[in-house]
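# Just the structure for this:
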Amino acid sequence: MNSKFLSQLSSEGYAELTKELHTIQNATCYICGKSIDLELQKTNIDHIIPLANKGKDDKNNFALTHE
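Okay, the predicted model is just below:
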């Protein structure tokens, strides 16, 4: 399911959210727990609680993961 919230962000807004999540998560992938290097690795922003499970589509329900 696509995120309306993320699709409405500009590329700069998406990059800003990526950096914010990177900081909040101490540069660690939400799924595997390994370090994320934003300079070397591609990332995704995923819902913590999926929309299909009634998760909210807002920045408080997002986590940074490896692609």
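
# In terms of pLDDT, where does the spatially most central residue of the chain sit?
By CA atoms, centre = their mean, the chain has its centre lying nearest to residue 45, at 2.4 Å. You'll see residue 45 listed with a pLDDT of 97.

# For beta bridges, what are the partners of it?
Per DSSP bridges, residues listed as beta-bridge partners of residue 45: residue 64.

# from here on, count from 367
Will do, 367 is the new start, and the previous item becomes residue 411.

# for this structure, what spans make up the helices?
Secondary structure of the chain (DSSP state H): helices at 370-373, 377-390.

# Take those and lay them out in a markdown table including mean pLDDT, mean neighbour count and distance to residue 423.
Heads up, the C-betas are built off the backbone N, CA and C, glycines and all. Shown next, in a markdown table, are the helices of the chain (pLDDT from 0 to 100; neighbours: other CB atoms under 10 Å; distance: least, CB to CB, whole Å):
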| stretch | mean pLDDT | mean neighbour count | distance to residue 423 |
| --- | --- | --- | --- |
| helix 370-373 | 96 | 13 | 5 |
| helix 377-390 | 97 | 13 | 13 |
